[in-house]
Every structure is written in C-alpha cells, then in structure tokens.
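Engineer: Pasting a predicted model and its sequence here:
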Amino acid sequence: MATIIVVTSGKGGVGKTTTSASVSTGLAKRGFKTAVIDFDVGLRNLDLVMGCERRVVYDFVNVIQNEALLKQALIRDRHCDNLFILPASQTRDKEALNKEGVGRVLDELRDSFDYIVCDSPAGIEQGALMALYFADEAFIVTNPEVSSVRDSDRILGILQARSKRAESGSTPIKEHLLVTRYSPRRVEAGEMLSLKDVQDLLGIPLIGVIPESEVVLQASNSGVPVIHFDQSPSGQAYDDVVARFLGESRPMRFLEPERKSFLQRLFGT
Amino acid sequence: MPRSNATDTQDLFAAEPQAQQSAFELKGSVFTLSVLRIHSNELDVIEAQLAKRLEKSPQFFANAPIVVDLEAVRDISAPLDFHRFVAMLRGRHFFPVGVQNGSPSQHEAAMSAGLAVLKGRAMKDAPNVAPLINAPPDTTAEPIPPDDEPELDATLAARPTQAHNTKIIQQAVRSGQRVMARNSDLIVLAAVNAGAEIIAEGNIHVYAPLRGRALAGVSGDTHARIFCHQFEAELVAIAGNYRVFDDGPPKELRGKAVQVFLDGEQLIVAPLD
C-alpha cells in the first residue's frame, strides 16, 4: 500500500517540481518503487525536469478520462528502474482533474507502488486541491521570504481543513517543512528571513534546507534531477531530506555562509 | 443594543424609537436557581419536614429564589393548593419563582398563584439527587436522619449550569482561515498567523503569538476584551472599534503579552505586566 506524498507551496517558483523530481528519485534510488505525478495540468514541467518530455504519449488526464491505460501513460525514468513519471497534459485545463478520477488513478497506483509523489501546481485552485486531497504526508516547500511563508501558511490551513484525511477525521496529514533557495549569506545580510523566522511562523517540523545554487538551474535545464549531482550542496541536501524522511537522523547542513579558503579563492572554485 | 448601527429590526425592541436613549433593553441571561423537588402533594407533610430541615441553618436559604419541581407528583390527581404552598414557602423565607415538570392542570394552578412555568430539564437526568421530602411510605412520614446535612446541599444547593460558553481552538489558525465563536468566548492555544481572522461575541484569549486579526465583542459587547501572549496583530477590534497596525504594532507592545479593551470610545492596547 503506497504512501501518498504531496509537494506543495501555494506560491509558484519556489521549487516544488525540483523537489518532486529529487525526492522521488531519492526514494527510487533507495529501492522503493515510486511514481511521481504532475498535477500542473495545462503547463507541464515535471517531464522537462526529469528529462522525459520527448517520451510523453499519454498523460494523467487521458488516464482519468479512460482514454489510456495507466501503464500506457507511465514513463519509466532514464536513471532509475523503479521510478515512473505520470506527466500532465498541456492541452487541457485543471478542471479535468476531479476527485473520482484522481482517486481512481491513485488507488490503482497504490497497490503496486511504495510511494506516490504528487507535484502540485501553484495556487489554491482545483489542481492544487486535487494534488493534496488524497495525501498522507506533505512537503511544504517554502522560500525564506514573507510572501512564500504566507502562502505556505495558507496551504497548511487547506491541508488541515479540506484534505480527505481532514474531512474523514482520520489522522491528519504529516507535514514537513522544506526550506529551499536558502542563502546563508543573504540571511546574514538581513535580506532574507532566517530559518528560525520561517520555523516560528509556520510551526511545523523541518525536514531540510536546500541552499540556493546555480546547480539547480543547470540540473533543470539538462533534465536531470539535482539529487543526482552528489558533489553539489543542493544535491547532498536533497539526499539528506530523503534520508530524514525515511527515518534517518542527519544534522542540518549548509546553514552557514561558505568561508572560502585562500586556495579556493585563488582558483575560483 | 448599540444605537450606532441600529437597524429597523432592532428599533422594534426599543421602547421609544424616536427617543435618544432607549428606556430599556431586553437581554437574555442565565441564572442558577435552587430546585425544590417535592415527592408529596400534602402541604402539611412538606411543611413539617421542611421546618425540621431548616432548624439547623434557618438563614441558609433566606430569600433564595426557588423553583418547585413537580415531576414526582404530576400524576397525583388531588389538586395542590399553590396559593397556600407559596405562602408557606414565603413564611420559611424561600422565594418561589416558578414550577417545572408538572401536569397541565398543576401548571395552570401555579400560574394563577403568580408562579412562572419553567421549561425544566427532566429530573430523571439526575438520579443521584437525594429527594428532600419523601412521600410518606405508609402511614408515618419517614423521619429525616440527623446526619443528612450534605444531602440538603446536594438537593437544594444551586445546580450549576454552564456559566459561559467557550470555544477552544488547539490548532494554529492559518492565513486565510477564519474562526468564529458565536455567543461565546474564544480561546486559541496555538498561533493565529498573519492573514487569519478570529472573531468572538465574547472575549478572546490567545496563548501564543497573535499575528492576524482579532475581533472581540462583535455583537456590541463593549466589555469584551482580547488577551494575548505575544502581540503582533494586524488588527484588533472590540465592539466595532478597531485599530490597524499598518507597520506592525508599536515597539513597546510588539511581542509582549497585552490586553485590549475599550475605555469609552477609545480602544486601549496595554501590556499585561
């Protein structure tokens, strides 16, 4: 029986798709059979970040509307054998997602997978509501700035009031705070909220901090989830996140500005 | 009733709609009354036992308003003389105000003796309450045991009703959420975040940071107050008098434990210590 994870934020551009790609890859690399679903119907990003955009034939909406079988639409990842991508449709709108259809697809996936990662679109409209409705656990992706924190707060309220678990009164969704695009240097300069500020404002357990890095953009552009870049702080930070999610205890890293040594400065690395 | 926002419906209740000041106002309230449950409709028996019971503490019930519960005697067809009953109780320094759980004819008789008929909760709900006056079992009235003073308290002492309704919220109130406490106080044990709104007809307590909006006494209760542990609110209001903190609360109040109340028309935000 799979665990359903929603990666959500309210605000756009904070790193939901990057996180979905890396977390699902990290789970698959550890041997869990994982599916990652793009709920951003109409826009489509996940397949690009995962580097499988040319292999998309059928999509999530086709499956919901019984125009294709689930196994026809699932795309096997290039790097991990037990990771599958269910891409979004670019030609429909988000109203194509409904509780019955989404629930049926998730039920079908639940039997044969360990984890299902739902990549939520930005906003609090139908797509975002459907992505979080069936979730067991949630990654709240937040940038250290006021508007992102505010939107995360909003989405937490929705998780706690309008998810299936909330409606049926069962155990609430387990919430994990993931702070992304964190720049210790800018926090020190007072240009960004500190980690402590974000935690105080949202009041949910922290699962990780992903440092701001150019590698993330490079990874997205090349269609390789950043967790594969295991030499970069961002890649390592995502690996920590997955490890913590699976119960390992790892100290938080990359919270202090990098002090470059003389040699590093000399060679500009 | 606040005159400032009086509507047509509210004016219906005002004694003189054209006058500056209403001559009265109508309000609901909840009182705690003692209940005298009788198990016999023979006034002499009741009086004798009552006299004996009151010997020890004659002033205990002095002028206590009292409701007579008739449930145990409602099926006794012999009429109860309420005029005499009232006079007897007054003589014992009780102040009978009404009856409950009687038969229709008993209620009619009680009303003609100047007693109100109260819609009482059936006393069956409280089987543990010891009867004050027992119906005579056979021929003789059952003697009251000397050591039953606590029973007296249990029976005649004020039955506590819930004095105040309170709504308690344990979870953070988040941006875009609104919590409304109608007819009651509101207690929040977790943060009220920016963009959230908490509203109560009574008082508001927040034992955590208050970062959003808090509106107390929204139905016009100018005595309502807001208390919070850590004041960072965007807006506070009491009975429609509000104050916004555009640039955050003033330094001397920010993050402090404060209370908010009305002094006349003026909304005061004061530190608690």
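Structural biologist: Cool, got the structure.
Engineer: Chain neighbours aside, what residue packs nearest to the residue of the stretch 101-250 of chain B at minimum distance from chain A?
Structural biologist: Closest residue of the stretch 101-250 of chain B to chain A, C-beta to the nearest C-beta: B:R174 (3.4 Å). Yep, even glycine has a C-beta here, placed from its N, CA and C like the rest. Counting by C-beta to C-beta, 6 or more residues apart in numbering or on different chains, A:G157 is the residue found nearest to B:R174 once chain neighbours are left out, at 3.4 Å.
Engineer: now A:T171
Structural biologist: Leaving out its chain neighbours, the residue that sits closest to A:T171 by C-beta to C-beta, 6+ apart is A:R165, at 6.5 Å.
Engineer: What does the one you found show for phi and psi?
Structural biologist: A:R165 adopts backbone torsions of phi -60, psi -40, taken as degrees, to the nearest 10.
Engineer: I'd guessed it sits against A:K174; true?
Structural biologist: No - contact criterion C-beta atoms under 8 Å: A:R165 and A:K174 do not qualify, at 9.6 Å.
Engineer: Looking at those two, which is more packed in?
Structural biologist: For A:R165 versus A:K174, neighbours defined as other C-beta atoms under 10 Å in any protein chain shown are more numerous around A:R165 (18 against 15).
Engineer: Make sure A:V198 is actually in contact with A:R181.
Structural biologist: No - in this structure, A:V198 is not within contact of A:R181 by C-beta under 8 Å, at 11.6 Å.
Engineer: which residues do those two both contact?
Structural biologist: A:P144 (C-beta atoms under 8 Å, 6 or more residues apart in numbering or on different chains).
Engineer: Now do the contacts for B:E47.
Structural biologist: Taking C-beta under 8 Å, 6+ apart as the test, what B:E47 contacts is B:M88, B:R92.
Engineer: Recalculate using a threshold of 7 Å.
Structural biologist: Residues near B:E47 by C-beta atoms under 7 Å, 6 or more residues apart in numbering or on different chains: B:M88.
Engineer: Figure out the helix or strand that it lives in.
Structural biologist: Using DSSP states H and E, B:E47 falls within helix B:43-54.
Engineer: count of neighbours near the residue of the stretch 101-250 of chain B closest to chain A?
Structural biologist: 27.
Engineer: what are the ranges of the helices in chain B?
Structural biologist: B:8-13, B:43-54, B:82-91, B:104-112, B:149-156 (DSSP state H).
Engineer: Quick one: low-confidence residue ranges for the chain.
Structural biologist: Reading this off chain A. A:260-261, A:263, A:265, A:268-269 (pLDDT under 70).
Engineer: you looked at the wrong chain, it should be chain B
Structural biologist: Applying pLDDT under 70 to chain B flags the ranges B:1-21, B:30-32, B:56-61, B:120-164.
Engineer: Try it again at 80.
Structural biologist: B:1-22, B:25-34, B:52-64, B:77, B:93, B:119-164, B:273 (pLDDT under 80).
Engineer: tell me which parts of it are close to chain A?
Structural biologist: Neighbours of chain A within chain B, by C-beta under 7 Å from any C-beta of the partner chain: B:Q171, B:A172, B:R174, B:S175, B:G176, B:Q177, B:A191, B:N193, B:A194, B:G195.
Engineer: contacting residues for the residue nearest to B:R174?
Structural biologist: B:R174, B:S175, B:G176, B:Q177.
Engineer: Compute the distance between the last one and A:E137, please.
Structural biologist: Put plainly, it is B:Q177. Distance from B:Q177 to A:E137, counting by C-beta to C-beta, to the nearest Å: 21 Å.
Engineer: Over to the second one?
Structural biologist: B:S175 sits 21 Å away from A:E137, going by C-beta to C-beta.
Engineer: The two: who's more crowded?
Structural biologist: Set B:S175 next to A:E137 and count neighbours by other C-beta under 10 Å: B:S175 wins out with 24 against 16.
Engineer: Ignoring the adjacent residues along the chain, who's closest to the more buried one?
Structural biologist: B:G195 (3.4 Å).
Engineer: tell me the contacts of the closest residue to B:D273 other than its chain neighbours?
Structural biologist: Among residues not flanking B:D273 along the chain, B:A257 sits closest, at 6.5 Å (C-beta to C-beta, 6+ apart). Residues near B:A257 by C-beta under 7 Å, 6+ apart: B:C228, B:H229, B:P271, B:L272, B:D273.
Engineer: Next, the closest residue to A:R92 other than its chain neighbours: secondary structure please.
Structural biologist: For A:R92, ignoring the flanking residues on the chain, the nearest one in space by C-beta to C-beta, 6+ apart is A:V61 at 4.8 Å. Here A:V61 is recorded as helix under DSSP: H, G, I helix; E, B strand; the rest coil.
Engineer: check contacts around A:V61.
Structural biologist: A:V41, A:S89, A:R92, A:A96.
Engineer: Pick the one among the residues of chain B next to chain A closest to A:R244.
Structural biologist: Distance to A:R244, by C-beta to C-beta, is smallest for B:A172 among the residues of chain B next to chain A, at 22.6 Å.
Engineer: right, and that closest one touches B:A191 too?
Structural biologist: Yes - taking contacts as C-beta atoms under 7 Å, B:A172 lies within contact range of B:A191: 4.8 Å.
Engineer: hey, what's in contact with both of those two?
Structural biologist: Joint contacts of B:A172 and B:A191 (C-beta under 7 Å, 6+ apart) are A:G203.
Engineer: Wait, a strand at A:V117?
Structural biologist: Yes - A:V117 forms part of a strand when assessed by three-state DSSP.
Engineer: What's the separation between it and chain B?
Structural biologist: Computed as C-beta to the nearest C-beta, to the nearest Å, the A:V117 to chain B distance reads 24 Å.
Engineer: Could you give me the ChimeraX syntax to select whichever of the contacts of B:A257 are buried?
Structural biologist: To isolate the buried ones among the contacts of B:A257 in ChimeraX, judged by 16 or more other C-beta atoms under 10 Å in any protein chain shown, type:
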select /B:228,229
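Engineer: Mind checking which of the contacts of B:A257 land in strands?
Structural biologist: B:C228, B:H229, B:P271 (DSSP state E).
Engineer: Count the neighbours of the residue nearest to the last one when sequence neighbours are not counted for me.
Structural biologist: Nearest residue to B:P271 in three dimensions, chain neighbours excluded: B:K256, at 5.0 Å (C-beta to C-beta, 6+ apart). Here the neighbour count serves as a burial measure; for B:K256 (other C-beta under 10 Å) it reads 18.
Engineer: Kindly report the residues of the stretch 101-250 of chain A close to chain B.
Structural biologist: Going by C-beta under 7 Å from any C-beta, the residues of the stretch 101-250 of chain A near chain B are A:R150, A:D153, A:R154, A:L156, A:G157, A:Q160, A:L201, A:G203.
Engineer: swap the cut-off to 10 Å and go again
Structural biologist: A:124, A:146, A:149-161, A:172, A:200-204 (C-beta under 10 Å from any C-beta of the partner chain).
Engineer: Among the contacts of A:G157, name the ones in strands.
Structural biologist: Going by DSSP E, the strands hold none of the contacts of A:G157.
Engineer: Based on its surroundings, how many neighbours for the nearest residue to A:K33 once chain neighbours are set aside?
Structural biologist: Of all residues not flanking A:K33 in the chain, A:N82 sits nearest, at 4.5 Å (C-beta to C-beta, 6+ apart). Neighbours of A:N82 under the rule other C-beta under 10 Å: 17.
Engineer: Residue of the stretch 151-269 of chain A closest to chain B, please.
Structural biologist: Counting by C-beta to the nearest C-beta, the stretch 151-269 of chain A gets nearest chain B through A:G157, at 3.4 Å.
Engineer: Secondary structure element for that residue, which one?
Structural biologist: Using DSSP H and E, A:G157 sits in helix A:146-162.
Engineer: just A:G10 next, same as before
Structural biologist: Using DSSP H and E, no helix or strand contains A:G10.
Engineer: quick one, phi psi at the closest residue to A:G42 other than its chain neighbours?
Structural biologist: Sequence neighbours aside, A:D93 is the residue nearest to A:G42 in space, at 5.3 Å (criterion: C-beta to C-beta, 6+ apart). Main-chain torsions, A:D93, degrees, to the nearest 10: phi -110, psi 170.
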